[in-house]
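**Student:** one predicted model, sequence on top.
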Amino acid sequence: MISYVEKLVERFPELKPQQKSIQAFCDAIVSSYKKDGKVMLCGNGGSAADAEHITGELLKGFMTKRPLSPKKIKLFNKYFENQTDARLLQEGIPAVPLVSLMSGLTAFINDVSPELAYAQMVFAMGKKQDLLVVISTSGNSINTVKAAQAAKAMGIKTVALVGKDGGKLARICDIAIIAPANQTYQVQEYHLPIYHAVCAEVERVLFPE
């Protein structure tokens, strides 16, 4: 079966140079999940919205329904009054959009440092089995750079979803996916199909129908 990453490159041939990195992104999510890790994501502006969008595709069914196993359904039915509830639950990949942790972020921004706010969230929640995804169209957003640096210090694998020349993030992250564009909106237009393909491929691997 052709993978979603291969389908992506067929649709966007200009992404061919990034195919190995995109596949590595998929593999990193699968590896983290199998180690009981989680995916942490951060970005600014439109990239913050992308972090939340990716999270939504991971936490529930994306291309498929991801039904629970009969064993899990039986377990949940011990506690649900409505015996159909467990059949509606879907398998999920643990993911946290750091941008959504508003109380923690704004407290640290106000009390300590805006530049280190994401780094603080990574330090407070991150474990070695986790994965950090940093999204920046320039690759140089300082709060995402410092988040990646914190992750590296903690032994957490990092993925950069960037544009232009990749910036600092492409140099310091374990995996860098560089959209072939320079304008912010054009970079973001590539990011969406890239992460949709990644989410679909991860789902195919972890939850085959």
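**Tutor:** Good, I have the coordinates. Note that the coordinates shown come from a computational prediction; the quantities given were computed from them, not determined experimentally. Residues are numbered from 1 along each chain as shown.

**Student:** in the chain, where is pLDDT below threshold?
**Tutor:** The model of the chain has no residue with pLDDT under 70.

**Student:** mind checking how far the nearest residue to Met154 once chain neighbours are set aside is from Leu161?
**Tutor:** Nearest residue to Met154 in three dimensions, chain neighbours excluded: Gly126, at 5.4 Å (CB to CB, 6 or more residues apart in numbering). C-betas here are computed from N, CA, C, even on glycine. Gly126 sits 18 Å away from Leu161, taking CB to CB, to the nearest Å as the criterion.

**Student:** re the thing from before, got phi/psi on the residue nearest to Met154?
**Tutor:** According to degrees, to the nearest 10, the main-chain angles of Gly126 amount to phi -70, psi 150.

**Student:** let's verify the residue in the chain sticking out farthest from the centre: helix, strand, or coil?
**Tutor:** Using CA atoms, centre = their mean, the residue of the chain lying farthest from its centre is Glu81. It sits 34.3 Å away. Assigned by DSSP: H, G, I helix; E, B strand; the rest coil, the conformation of Glu81 is coil.

**Student:** ok now the longest helix along the chain, how far from the chain's centre?
**Tutor:** For the chain, the helix with the greatest residue count under DSSP state H is helix 184-206. Distance of helix 184-206 from the chain centroid (CA atoms, centre = their mean, to the nearest Å) equals 10 Å.

**Student:** residues of it that come out buried?
**Tutor:** 187-188, 190-191, 194-204 (16 or more other CB atoms under 10 Å).

**Student:** the residue nearest to Met154 against Met40, yeah?
**Tutor:** Yes: counting by CB atoms under 8 Å, Met40 is a contact partner of Gly126 at 6.5 Å.

**Student:** between the two, what contacts are shared?
**Tutor:** Shared contacts of Gly126 and Met40, defined by CB atoms under 8 Å, 6 or more residues apart in numbering, are found at Leu132.

**Student:** and these two? Which one has more around it.
**Tutor:** Legend: neighbour count by other CB atoms under 10 Å for Gly126 and Met40, higher for Met40 (28 against 23).

**Student:** contacting residues around that one?
**Tutor:** The contact partners of Met40, by CB under 8 Å, 6+ apart, come to Ala95, Val96, Leu98, Met121, Val122, Met125, Gly126, Asp130, Leu131, Leu132, Val133.

**Student:** let's see it at 7 Å
**Tutor:** Contacts for Met40 (CB atoms under 7 Å, 6 or more residues apart in numbering) come out as Val96, Leu98, Val122, Met125, Gly126, Asp130, Leu132.

**Student:** no more questions from me, cheers.
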